[in-house]
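Asks: Could you look at this predicted model? Sequence included:
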Amino acid sequence: MSLTEFKDELLTACPRLWHYTAPANTNVPYAVWAEDTRLDFIADGKHCETGWQGTLDYFTKTENDSRISTIEDKLNELAIGWTLNSVQFEEDTGVIHYEWVWNIYG
């Protein structure tokens, strides 16, 4: 799966999605995604398949936001590796911040 295909799939679960950062003054809820590092499959000293690891961050003010299960259902549907890395409450803004770490190959 390419990064473009990954982004297109994420958009079906979270239509308010940006790459790296949201525009200034964007109201919640919204999500951002970013590739963080390459995780290529290497055999016999050669890069045989491209892999990526990155993060998907979702920002909301709604406790038990139903979009969380929609996002996780989409990640499961894509059959990629992922984990919910953290859930943080940002006191200065009142925003709940979910962060998933994902990895894809292809």
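Replies: Noted; the coordinates are in hand.

Asks: which element is Ile96 on?
Replies: Counting by DSSP states H and E, the element that carries Ile96 is strand 95-105.

Asks: From the chain's centroid, how far away is that strand?
Replies: In terms of Cα atoms, centre = their mean, to the nearest Å, the centre of strand 95-105 is found 4 Å from the chain centre.

Asks: outside of it, which residues touch it?
Replies: Counting contacts by Cβ atoms under 8 Å, 6 or more residues apart in numbering, the residues outside strand 95-105 that touch it are 1, 3, 6, 28, 39, 41, 49-63, 65, 68, 71-72, 75, 78, 80-90. For every residue, glycine as well, the C-beta is placed using N, CA and C.

Asks: Buried ones among these?
Replies: Burial by neighbour count, 16 or more other Cβ atoms under 10 Å: within the contacts of strand 95-105 this picks out 6, 28, 39, 51-52, 54, 56-60, 65, 68, 71, 75, 78, 80, 82.

Asks: just checking, which of those residues belong to helices?
Replies: Counting by DSSP state H, the part of the buried ones among the contacts of strand 95-105 found in helices is 6, 68, 71, 75.

Asks: Now the last one: closest residue in space that isn't a chain neighbour?
Replies: The reference is to Leu75. Trp82 (4.6 Å; Cβ to Cβ, 6 or more residues apart in numbering).

Asks: One more: the second one?
Replies: Setting aside the residues directly before and after it, Ile68 is nearest to Tyr98 in space (Cβ to Cβ, 6+ apart), at 6.3 Å.

Asks: now do the first one
Replies: Leaving aside its chain neighbours, Phe6 sits nearest to Ile104 (5.7 Å; criterion: Cβ to Cβ, 6+ apart).

Asks: what about that neighbour, neighbour count?
Replies: 21 (other Cβ atoms under 10 Å).

Asks: Just the mean pLDDT for stretch 57-69, thanks.
Replies: For stretch 57-69, mean pLDDT is 97.

Asks: how long is it end to end?
Replies: By Cα to Cα, to the nearest Å, the extent of stretch 57-69 from end to end equals 14 Å.
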